[in-house]
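> next come a sequence and a model predicted from it.
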Amino acid sequence: MVIAASSLGTVFEWYDFYLYGLLATTISAQFFAGVNDTTAFIFALAAFAAGFAVRPFGALVFGRIGDLVGRKNTFLVTMGIMGGSTFAVGLLPNFATAGVAAPILLVTLRVLQGLALGGQYGGAATYVAEHAPNHKRGLYTSWIQTTATLGLFASLLVVIGTRSWLGEAAFASWGWRVPFLASILLLGVSLWVRLQLNESPVYARMKASGNTSKAPLTEAFLRWGNLRIVLIALFGAVVGQAVVWYTGQFYALFFLEKTLKVDGMTANVLIAIALALGTPFFVFFGWLSDRIGRKPIILAGCLLAAVSYFPLFHALTQAANPALAEAQARAPVKVLTFAFDDNIAVVEATCSFQFDPIGKNKFDSSACDVVKSYLAKAGVPYAQGKLSEASPDILGQPSEITVQIGNRFLPAPRASEFADASARKGLIAAFQKDLQAELTRAGYPAKAEDARINKPLVVAILFALVLLVTMVYGPIAGMLVELFPSRIRYTSMSLPYHLGNGWFGGFLPATAFAMVAATGDIYYGLWYPVVAAAATLVIGLLLLPETFRRKIEE
């Protein structure tokens, strides 16, 4: 009953939280329509990350309350905040109706969700762990670890069902609101189930004996002995777990839909199948950690992620959009700079970083920006280089910026031609038409062809990514609970968990896509999780203690 009730409520909270991530592409069109497409999508991901940014603050606020007044009542409050905020997202006006107020309201609700989730996870994990026998703590807490994936899976099913019921046009227009509004029903059920629970026996005994902490924040973070363990837990376990989790479940989805141009419905179904296949392994690795330890499983997952991400995502491109992979191999795209006076630096200075944090740059004031923004929008990967001399295959006279597609060269408009603002729009449109014609000629697809998607192979690759998630995530709750004393457990374990997952994990999609937009390399964003997982592996091997035989009653 304890596991089922705790898990059900946590599934609901993750369902609420991840609806936004699944609908990032739709939300970018609804709430960030006033900027260019690439910036709008990164803004949508940044708003997604805003909920993660405040999770550590929720951990501090609600973790302290949980150690002061109890586990049960604290996560009842956080559930109510989460459910109400999610329902309200479904009622928000979009950018066309309310202008800039729309994204501001959206981010405000995301912040409330993040604060609530910051107080939820530590309470649920601590509550279950304090009921579990010592030799089965990894197994019992692993059910809590399934809830994030089950919540994502539930939201996927609701989104898929709504899309199928309404059709893509209606869903994009207004049907995206339905999954948010439906959450109010789940909130009622989840609150009722959790109201049936009693306080955890460990906390009840502490309260009866007067041993609860009077200042949990001070004990947890201002005393070096405990703060040292917090830092080791963060950098030696949670950071790696977080980047593996968000790469395997969210970045993979965004990569399919945004980079490989797989239809949103198809991408959701493929991810859902992989999640269904992979979810039992959370419990398996939790059970295994009770026998061989938490540390070797978590660090092995980080190691495998660091060495396999690049080949796995390359394989995903081959399987999901073979036409794109073939075009890349046959006719790679390069953006080449050329200077008539040999001053390459002057030309390169006109190339902007392809993410505008203000959202006002339309990337139309230089040939370099026009080329890069169009390629990014079209999902065409490119490299950068220098054109030292004209090629016999060049289509016209050399320009400061020339696009090479295979063995053909298409000069962009010269800098002098951009001086006439009145003619610029037509100039850009004509060049983009020529560029698209050359890309089509080279075989670059506008979207992934459903008939050519190797769906079994895509599911197998996604399953491999989810399996890595289960390795790092299945045992992590048991380890975090065991690292800290009962009187400050809720506070101590919540902060490193939400710093790692909220900041290092939550910011991963937006940061990785900004890295891709800046370089043109669709795999460049993978350096983020690879480096983070490798760093966690080293720190964990050197400093992270093994905990699986510890008693937690003290």
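In hand now; what should we look at? All values reported here derive from a predicted model rather than from experimental measurement. Numbers count the residues shown, from 1 in each chain.
> show me where the stretch 151-300 of the chain dips below the pLDDT cut-off.
By pLDDT under 70, the stretch 151-300 of the chain has no low-scoring segment.
> what about the helices in it?
168-170, 177-195, 201-209, 216-221, 224-233, 239-246, 252-254, 264-278, 280-292, 294-320 (DSSP state H, counting those that start in this stretch).
> if I've got this straight, residue 404 is in a strand?
Yes: assigned with DSSP: H, G, I helix; E, B strand; the rest coil, residue 404 falls within a strand.
> now do the contacts for it.
When contacts are counted by Cβ atoms under 8 Å, 6 or more residues apart in numbering, residue 404 touches 333-336, 387, 410. Yep, even glycine has a C-beta here, placed from its N, CA and C like the rest.
> contact partners for the residue nearest to residue 132 when sequence neighbours are not counted?
Spatial nearest neighbour of residue 132, chain neighbours left out: residue 140 (3.9 Å); criterion: Cβ to Cβ, 6 or more residues apart in numbering. By Cβ under 8 Å, 6+ apart, the contact set of residue 140 is 3, 128-129, 131-132, 286.
> kindly recompute the last result at 10 Å.
Residues near residue 140 by Cβ atoms under 10 Å, 6 or more residues apart in numbering: 2-3, 6, 128-129, 131-133, 283, 286-287, 290, 477-478.
> can I get those in TSV with neighbour count?
Compiled in TSV, these are given as follows (neighbours: other Cβ atoms under 10 Å):
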residue	neighbour count
2	16
3	18
6	28
128	26
129	25
131	19
132	20
133	9
283	18
286	29
287	16
290	22
477	28
478	30
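> okay, who's weakest in those by pLDDT?
Within the set of the contacts of residue 140, pLDDT is lowest for residue 6 (74).
> as CSV, the contacts of residue 404 with neighbour count and pLDDT would be great.
CSV is the format used below for the contacts of residue 404 (neighbours: other Cβ atoms under 10 Å; pLDDT from 0 to 100):
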residue, neighbour count, pLDDT
333, 23, 94
334, 17, 91
335, 21, 89
336, 22, 86
387, 22, 74
410, 21, 89
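> closest to residue 374 among the contacts of residue 140?
Of all the contacts of residue 140, residue 374 sits closest to residue 477, with 45.8 Å by Cβ to Cβ.
> so how far is residue 245 from the closest one?
Separation of residue 477 from residue 245 (Cβ to Cβ, to the nearest Å) stands at 13 Å.
> overlap in contacts, those two.
Counting by Cβ under 10 Å, 6+ apart, the shared contacts of residue 477 and residue 245 are residue 145.
> how many neighbours does residue 218 have?
If you count neighbours by other Cβ atoms under 10 Å, residue 218 ends up with 14.
> my error: substitute residue 522 in the last question.
23.
> surely residue 162 meets residue 176?
Yes: using Cβ atoms under 10 Å, residue 162 is in contact with residue 176, at 7.9 Å.
> tell me which of the two has more neighbours.
Using other Cβ under 10 Å, the more surrounded residue of residue 162 and residue 176 is residue 176, with 25 against 18.
> quick one: the more buried one and residue 326, what's the gap?
34 Å.
> could you do residue 138 as well?
46 Å.
> show me which of these two is the more surrounded one.
Between residue 138 and residue 326, counted using other Cβ under 10 Å, the more crowded position is residue 138 (32 against 16).
> hang on, isn't residue 59 packed against residue 503?
No: using Cβ under 10 Å, residue 59 makes no contact with residue 503, being 11.4 Å away.
> between these two, who's got more neighbours?
Using other Cβ under 10 Å as the criterion, residue 59 and residue 503 rank with residue 59 on top: 29 against 18.
> could you measure from the more buried one over to residue 120?
10 Å.
> what do those two both touch?
494, 498.
> report the contact partners of residue 279.
By Cβ under 10 Å, 6+ apart, the residues touching residue 279 are 145-146, 149-150, 152-153, 466, 469-470.
> sorry, that was for residue 247
Residues in contact with residue 247 (Cβ under 10 Å, 6+ apart) are 255, 305, 309, 312-313, 465, 468-469, 505, 508-509, 512, 525-526, 528-530, 532-533.
> same check, this time on residue 251
Going by Cβ under 10 Å, 6+ apart, the list of residues near residue 251 reads 45, 243, 245, 259, 309, 313, 465, 505, 508-509, 512-513, 525-526, 528-529.
> quick check: residue 227 touching residue 491?
No: counting by Cβ under 10 Å, residue 227 does not reach residue 491; the two are 11.8 Å apart.
> ranges for the strands of the stretch 401-550 of the chain?
With DSSP state E, counting those that start in this stretch as the criterion, the stretch 401-550 of the chain has strands at 401-405, 408-411.
> confidence-wise, which helix or strand of the chain is lowest on average?
Evaluated with mean pLDDT, DSSP states H and E, the helix-and-strand set of the chain has its lowest mean pLDDT in helix 344-348, which scores a mean of 60.
> now do stretch 374-385: distance to the chain's middle.
With Cα atoms, centre = their mean, to the nearest Å as the basis, stretch 374-385 stands 22 Å off its chain's centre.
> endpoint to endpoint, that stretch covers what distance?
Taking Cα to Cα, to the nearest Å, stretch 374-385 runs 18 Å from one end to the other.
> tell me the buried residues in that stretch?
Buried residues in stretch 374-385, counted by 16 or more other Cβ atoms under 10 Å: 374-376, 378-382.
> ok, stretch 328-342 next?
Going by neighbour count (16+ other Cβ under 10 Å), the buried part of stretch 328-342 is 328, 331, 333-339.
> now, those residues that are in strands?
Members of the buried residues of stretch 328-342 lying in strands (criterion: DSSP state E): 333-337.
> could I get the residues you listed as JSON lines with distance to residue 295?
JSON lines is the format used below for those (distance: Cβ to Cβ, whole Å):
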{"residue": "333", "distance to residue 295": "45"}
{"residue": "334", "distance to residue 295": "45"}
{"residue": "335", "distance to residue 295": "46"}
{"residue": "336", "distance to residue 295": "49"}
{"residue": "337", "distance to residue 295": "49"}
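> tell me where the stretch 401-550 of the chain has helices.
Going by DSSP H, counting those that start in this stretch, the stretch 401-550 of the chain shows helices at 421-441, 455-473, 476-483, 489-499, 508-519, 527-543.
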